[in-house]
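A.B. asks: Below is the sequence, then the predicted model.
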Amino acid sequence: MPARLFNIIHSDAVKRYAISAFLLFHLLVIGSWSLPPSTRLDAFIRNAVAPYAWRSGLAQSWDMFAPNPLHANTYIEAEITYRNGQVRTWTFPQMQELGYAERYAKERYRKFANDRLRLDEYAVLWPDAARYIARLNGDASNPPRTVNLLRYWSLISPPPPPGEEEQTPHWERHLFFTYTVKPGDLS
């Protein structure tokens, strides 16, 4: 590489422009996903950056806001059955049980479980998730034999009228996937 080209590429101005372009692109991605599309240009930009937004975790959804907020609280658990018959429960991180720093670090796992893993349309993810859970909970002397994935949900009710007691939420449970762990899954 000629010295002049090397000096241009490594100049402070080029570095500043590259950093500025990087930041502006990410602000565009975040902005395009943070606001509901209101024009064709908004929709075009959102569609153009969608693959990157989803893969990088910058995509947002409006499912917790009006006019159609989510109507259920949900979470995923795994029941791991070991060779000796012992059963252990493993849960994806739940934000209400974590401190603020942990929430920041583990929110992506909760979002993955609630927005993807629990839905039948993402069944292709279930075997990989079960293998991951088996590896996390592996024990060489008592290896996992099966991993059951369970979804839990409780419908969100409107608040009771003044003077009436709030009802305890009723949680539904559904076994949606069973995976038989193979010896190669644990390494």
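C.D. replies: That came through fine.

A.B. asks: I'd say residue 135 and residue 186 touch.
C.D. replies: Yes: using Cβ atoms under 8 Å, residue 135 is in contact with residue 186, at 5.8 Å. Heads up, the C-betas are built off the backbone N, CA and C, glycines and all.

A.B. asks: Backbone dihedrals for residue 113, please?
C.D. replies: For residue 113, the backbone dihedrals (degrees, to the nearest 10) come out as phi -70, psi -50.

A.B. asks: give me every residue that touches it.
C.D. replies: 75-76, 92 (Cβ atoms under 8 Å, 6 or more residues apart in numbering).

A.B. asks: Residue 122 versus that one, what's the distance?
C.D. replies: As judged by Cβ to Cβ, to the nearest Å, residue 113 and residue 122 stand 11 Å apart.

A.B. asks: now swap in residue 166 and tell me
C.D. replies: From residue 166 to residue 122 the distance is 33 Å (Cβ to Cβ).

A.B. asks: Compare those two (neighbour count), which wins?
C.D. replies: Taking neighbours as other Cβ atoms under 10 Å, residue 166 and residue 122 compare with residue 122 leading, 13 against 8.

A.B. asks: Can you give me the separation between that one and residue 78?
C.D. replies: 16 Å.

A.B. asks: from the chain's centre, how far out does the longest helix anywhere in the chain sit?
C.D. replies: Counting by DSSP state H, the longest helix found in the chain is helix 12-34. Distance of helix 12-34 from its chain centroid, counting by Cα atoms, centre = their mean, to the nearest Å, is 25 Å.

A.B. asks: so what does it touch, helix or strand wise?
C.D. replies: When contacts are defined as 3 or more Cβ pairs under 8 Å, 6 or more residues apart in numbering; DSSP states H and E, helix 12-34 sits against helix 40-56.

A.B. asks: between the helix it packs on and helix 12-34, what angle do the directions make?
C.D. replies: Computed by axes from the mean of the first three to the mean of the last three Cα atoms, to 10 degrees, the angle separating helix 40-56 from helix 12-34 equals 100 degrees.

A.B. asks: Which parts of helix 40-56 count as buried, going by neighbours?
C.D. replies: 45-46, 49, 53 (16 or more other Cβ atoms under 10 Å).

A.B. asks: which of the contacts of residue 113 has the most neighbours?
C.D. replies: Going by other Cβ under 10 Å, residue 76 tops those with 23 neighbours.

A.B. asks: so where do the helices sit in the protein?
C.D. replies: Under DSSP H, the chain gives helices at 3-9, 12-34, 40-56, 100-112, 126-136.

A.B. asks: winner for burial among the ones you listed?
C.D. replies: helix 126-136 (a mean of 17; mean count of other Cβ atoms under 10 Å).

A.B. asks: Let me know the angle separating that one from helix 100-112.
C.D. replies: 140 degrees.
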